[in-house]
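Asks: What shape does this take:
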Amino acid sequence: MTERSSFRGYGTEQGYDFLREAIAKHDYQARGAEIDADEIFVSDGSKCDSGNILDIFGEITSSRCWTCLPGVCGYQLMAGHTGPADASGRYGGLVYLPVTADNDFVPELPGSGST
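Replies: Here you go, the predicted model:
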């Protein structure tokens, strides 16, 4: 990725054809699995996939480790899944899970006694 001539950036929606073909050939077909390149999806990362999965479920309350992947919360905001912010800037459609030294970086899960 450090060479301009070979840098490709983000791939197409399903992933670059050459990459999907190499995965099919070397990871599946070489082991006897009949998998074609068009059956393989190469994501551009978990952030947008984590955000987009919310569209499957509609308007739900979800939890996120705060401040882990704030972009995922942004997807919820843009899709209108969080409702308006309160005076402190927190959204009712999110359950905030603080990950801090005070809780040994292991937040209590909703419904386990936390508020």
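
Asks: From here on, just use CA atoms for contacts and neighbour counts.
Replies: Will do.

Asks: do you know how far the spatially most distant residue from the centre of the chain is from residue 104?
Replies: Within the chain, residue 32 marks the point farthest from the mean C-alpha position, 31.1 Å out by CA atoms, centre = their mean. In this view, residue 32 and residue 104 are 46 Å apart by CA to CA, to the nearest Å.

Asks: Check residue 8 too.
Replies: 40 Å.

Asks: so where is this structure shaky, pLDDT-wise?
Replies: For the chain, applying pLDDT under 70 flags the ranges 1, 46-54, 58-72, 112-115.

Asks: Let's see that with 90 instead.
Replies: 1-16, 41-85, 88-100, 103, 105-115 (pLDDT under 90).

Asks: Can you show me the helices along it?
Replies: Taking DSSP state H as the criterion, the chain carries its helices at 17-23, 46-52, 54-57, 70-79.

Asks: So for the last one, what gets flagged as buried?
Replies: I take that to be helix 70-79. Of the residues in helix 70-79, 72, 73, 75, 76, 77, 79 count as buried by neighbour count, 16 or more other CA atoms under 10 Å.
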